[in-house]
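Student: Starting from these lines, generate the structure:
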Amino acid sequence: MTQTEREPLQLGIFMPNCSNAYSISTYRTGPDEWPYASNKRIALAAEAAGFDFLFPVSRWRGFGGKTNYLGLSQETMTWAAAL
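Tutor: Coordinates of the predicted model:
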């Protein structure tokens, strides 16, 4: 495949569809359960900015313990269909 035959670069964003999505910590400035409404706003802003795809975290259960990292999440197939 030559350089001119390659597909263009596509850009996407990681979506915060799980609790504690960005840090394994007990420190919280506020709740971060990332409800559907927040995900919808992010998705619409990403689309308006020209992003090509959204990449959710695929977890069906958390890691437990004090932080229960990624313990609550939106099921990814239903989440994607809704958005």
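Student: Give me the secondary structure label for Leu54.
Tutor: Under the three-state scheme (DSSP: H, G, I helix; E, B strand; the rest coil), Leu54 adopts strand.
Student: residue boundaries of the helices in this protein?
Tutor: Listed in chain order, the helices of the chain (DSSP state H) span 36-48, 76-82.
Student: Figure out which of those is closest to Arg61.
Tutor: helix 76-82 (13.2 Å; Cβ to Cβ). Using the backbone N, CA and C atoms, a C-beta is placed for each residue, glycine as well.
Student: Local confidence estimate at the residue nearest in space to the middle of the chain?
Tutor: Among the residues of the chain, the one closest to the centroid is Met15, at 1.7 Å (Cα atoms, centre = their mean). pLDDT, Met15: 84.
Student: What residues does the closest residue in space to Leu11 that isn't next to it in sequence make contact with?
Tutor: Distance criterion Cβ to Cβ, 6 or more residues apart in numbering; nearest residue to Leu11, sequence neighbours excluded, is Phe51 at 5.4 Å. In this structure, Phe51 makes contact with 11-13, judged by Cβ atoms under 8 Å, 6 or more residues apart in numbering.
Student: ok, now Asp52?
Tutor: Counting by Cβ under 8 Å, 6+ apart, Asp52 touches 10-12.
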